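# Mind looking at a prediction? Sequence and model below.
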There are 2 protein chains.
Amino acid sequence: MAVNLHAPDSKSLFPVLGIELGWAEAGIRKPDRKDLLVVRVADGASVGGVFTQNSFAAAPVLVCREHLAGGRGVRALVVNTGNANAGTGTVGLEAARASCEALAKLIGCDARQVLPFSTGVIMEQLPIGRLIAGLPQALGRLGQDHWLQAAQAIMTTDTVPKAASRRVDTAGTTVTLTGIAKGAGMVRPDMATMLGFVATDASIAPALLQQLTQRAADRSFNCITIDGDTSTNDSFVAIATGRGSLRIESEQAPSYSAFSDALNEVARELAHAIVRDGEGATKFIEVRVEQAATEVEARQVAYAVAHSPLVKTAFFASDPNLGRILAAVGYAGIDRLQPERVQMHLDDVHVVLDGGRHPDYREEDGQRVMKNSEIVVRLLLGRGRAGASVWTTDLSHDYVSINADYRS
Amino acid sequence: MAVNLHAPDSKSLFPVLGIELGWAEAGIRKPDRKDLLVVRVADGASVGGVFTQNSFAAAPVLVCREHLAGGRGVRALVVNTGNANAGTGTVGLEAARASCEALAKLIGCDARQVLPFSTGVIMEQLPIGRLIAGLPQALGRLGQDHWLQAAQAIMTTDTVPKAASRRVDTAGTTVTLTGIAKGAGMVRPDMATMLGFVATDASIAPALLQQLTQRAADRSFNCITIDGDTSTNDSFVAIATGRGSLRIESEQAPSYSAFSDALNEVARELAHAIVRDGEGATKFIEVRVEQAATEVEARQVAYAVAHSPLVKTAFFASDPNLGRILAAVGYAGIDRLQPERVQMHLDDVHVVLDGGRHPDYREEDGQRVMKNSEIVVRLLLGRGRAGASVWTTDLSHDYVSINADYRS
């Protein structure tokens, strides 16, 4: 069902010096499937992380925040699928800590240098014994070329493994970035969580990397939505191993913008892959708001449109029932919006002129665009120069089937 | 498909002195169906009105606001289905005015004493000629006993006509309240709009009636949601004809609270009917938030849960996948929510204790409740004494079918 999305070729995923990946079939929830990933990180790497704003943040998220705040650096990630370890109280917190301790002991580092991640069913206790028992198998498979297997190992209801990679020549050297994600996120918040990991061989000052990670998330994972649900486990982590020759110490560094662009691109490609693999998705839709007074209000309008079940079902039906989009703009809560200044374009078709139906708009033009699998909705608010895009999908019968039947 | 909702018996709808209702088959969108309603109001009635907050408010809403602000009183309502007259610019505004002028001429009043309402497809011009041509038929059918036909005449995709009526003995006299609604509202915002009209024979000071109308809306129509979409045409109007013997001049009047309670009850019954007739609804769900710091935050949490497609699909599947509810509470945006203080009950089952799964909670207990057609989700936040309820439905395959196929 994924919209124009295919599994990446393993050869297109460049190894990152200082990163090794291994997986196991630990039987966390079901036997004989990849459900445990260990990422081993060379000594001296810097790390940036962005986590869910959900008040019911999962136990591993709490531990990640704590370990990152400790500033001891990161030597490994441990990721399980099948169980989110969320809504699990102190027992869950102890389990998350135990997974770090067990892995630290096996690889010889401090438990506070391990970051844990979980994704799966909420409100059930993590089978920590099976997770720990699976660690040696994962460590036995560690390798630099295992990005595709790593992408597979973090899948839950994903239908396609998600990975992206770039090599960029800058400042007389080559920098590599490779990342994986699962979607999840707002897409499948029960088999919870969007998880994203990107590694690079560049050397980046920790504070700068944190800033770059936050910005990349804001322009990618924070701009996608399937159903508006935010999971308890959402996490995005970027690791800079420093094993390559590129060094970025500040925003003034000559390679800063080339690197930042590459990181944003990888993050966006992963985020788009999550939307394309969205539950029941048949269309990939960009809602682009322009001429807003602020970026905040542009996002507010874009999200109102992207979250409207009526807009989403119209896209599913390829029905140019475009008054629904206008209604969503109207209830987005923008103070003193002047409807008569609003324009709407559907790809190349000018649908709304000055707040009303464009006199030249013909239903068959709308119909033609609605049949496409990739559609851009452009909304001009006539209030200023800010803009924002949100990426989303339609709402189909399969969405209901997947979410209604998921646990059965 | 409506959940425990049946058409009212015509005899249960008490006439209101000073109110006559007539309908026509005007062929606004389709031939041979009731699609035009005229409500004639005796001279001297007071009126209160609450309208959509959508920036793209429809032309009739703009005209209603203008006429009510004029303070000339109300002698008639004219309501059409089949076309929302929204997103129609100045042409639409002229059409709404023309409908008032035509009716005013026929009944001999000022056009500014007529309130227009429309519901139906957005962004298409109202066929004003057919509407005006239908007025004489509607006037020829005027009668005090036509509340059920009136409820039928404002239906769009409603499957059941919605009406409610009360007679209350108070202060040595009897007051009558009768109302109709269509749902619509956030339920079917394309065949747009929730419309509600309630009339009483009491005499109520205009400013007081406006306040009572706003409060009744806040406790009824503003507490329901199917999909979170707010229409361009939502309107709720209360008319007090003063033809009975009850007079209410202030909040201190001895009958004030009895009347206020009755109005709230009628409004709530109509609002619940809209939810029960929600598109594809198989369940009627109350999300009741207690122990909130403020009523605003209680509603915020209740809406987050009621809007979550994941929660709604779990209800559709009768699957006690209750972590989804907890996740929605977590992302409701409540500042400094302490998860460890949150309790959740599903009817009589205590599911979440202090933010985690209750140790005694058994899946089969949750399963038993989820199978019911009416369910109360109680969420205790442990932050204060405020509370609020929101009523909603599940999200089913039929919701997608109805909204995807509606215009085809």
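Now that the structure is in, tell me what you want to look at.
# mind listing what A:Ser396 touches?
Contact analysis of A:Ser396 by CB atoms under 8 Å, 6 or more residues apart in numbering or on different chains lists A:Gly280, A:Ala281, A:Thr282, A:Phe316, B:Val400, B:Ala404. Just so you know, the C-beta spots here come from the backbone N, C-alpha and C atoms, and that holds for glycine as well.
# correct me, but the third one touches A:His397?
No. With contact defined as CB atoms under 8 Å, A:Thr282 does not reach A:His397; the gap is 9.8 Å.
# which residues are in contact with both of the two?
Contacts common to A:Thr282 and A:His397, judged by CB under 8 Å, 6+ apart, are A:Phe316.
# ok, back up a step: what's the farthest-apart pair in the contacts of A:Ser396?
A:Ala281 and B:Ala404 (14.1 Å; CB to CB).
# When these two are compared, which one has more neighbours?
A:Ala281 (27 against 23; other CB atoms under 10 Å in any protein chain shown).
# wait, what's in contact with the residue of the stretch 1-150 of chain A found nearest chain B?
In the stretch 1-150 of chain A, the residue that lies nearest chain B is A:Ile122 (2.7 Å; CB to the nearest CB). Under the criterion of CB under 8 Å, 6+ apart, the neighbours of A:Ile122 are A:Ala84, A:Ala86, A:Gly87, A:Asp190, A:Ala192, A:Thr232, B:Gly323, B:Arg324, B:Leu326, B:Ala327.
# Report the buried members of the residues you listed.
Buried subset of the contacts of A:Ile122 (neighbour count, 16 or more other CB atoms under 10 Å in any protein chain shown): A:Ala84, A:Ala86, A:Gly87, A:Asp190, A:Ala192, A:Thr232, B:Gly323, B:Arg324, B:Leu326, B:Ala327.
# Once you drop chain neighbours, what's closest to the third one?
In other words, A:Gly87. Distances taken as CB to CB, 6 or more residues apart in numbering or on different chains place A:Met123 nearest to A:Gly87, at 4.0 Å, with adjacent residues excluded.
# hang on, the earlier thing: please flag which of the contacts of A:Ser396 sit within helices.
In this view, the contacts of A:Ser396 that belong to helices under DSSP state H are A:Phe316, B:Val400, B:Ala404.
# The residue nearest to A:Gly87: what's it in contact with?
A:Ala86, A:Gly87, A:Thr88, B:Leu322, B:Gly323, B:Leu326, B:Gly356, B:Arg357.
# Among the residues you listed, find me the one that's closest to B:Leu62.
B:Leu326 (42.4 Å).
# I'd guess the closest one is in a helix, am I close?
Yes. The assignment for B:Leu326 is a helix, going by DSSP: H, G, I helix; E, B strand; the rest coil.
# about what we covered before: which of the contacts of A:Ile122 sits closest to A:Ala163?
A:Ala192 (20.3 Å).
# Give me the buried positions along stretch A:346-356.
A:Leu346, A:Asp347, A:Val349, A:Val351, A:Val352, A:Leu353, A:Gly355, A:Gly356.
# Next, give phi and psi for the last one.
When you say that, I think you mean A:Gly356. phi -130, psi 170 (degrees, to the nearest 10).
# Mind listing what's buried along stretch A:61-70?
A:Val61, A:Leu62, A:Val63, A:Cys64, A:His67, A:Leu68.
# how does chain A divide into domains?
Domain ranges of chain A: A:10-276, A:284-405, per automatic domain parsing.
# So which of those domains is nearest B:Pro339?
Here domain A:10-276 is closest among the domains of chain A (CB to CB), at 5.1 Å.
# Average pLDDT for the closest one, rounded please.
Averaging pLDDT along domain A:10-276 yields 91.
# roughly how far is it from the heart of the chain?
Centroid displacement of domain A:10-276 relative to its chain, using CA atoms, centre = their mean, to the nearest Å, is 11 Å.
# just to revisit the earlier point, could you dump the buried residues of stretch A:61-70 to a markdown table with distance to chain B and secondary structure?
Compiled in a markdown table, the buried residues of stretch A:61-70 are given as follows (distance: CB to the nearest CB, whole Å; DSSP: H, G, I helix; E, B strand; the rest coil):
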| residue | distance to chain B | secondary structure |
| --- | --- | --- |
| A:Val61 | 11 | helix |
| A:Leu62 | 10 | helix |
| A:Val63 | 15 | helix |
| A:Cys64 | 17 | helix |
| A:His67 | 20 | helix |
| A:Leu68 | 21 | helix |
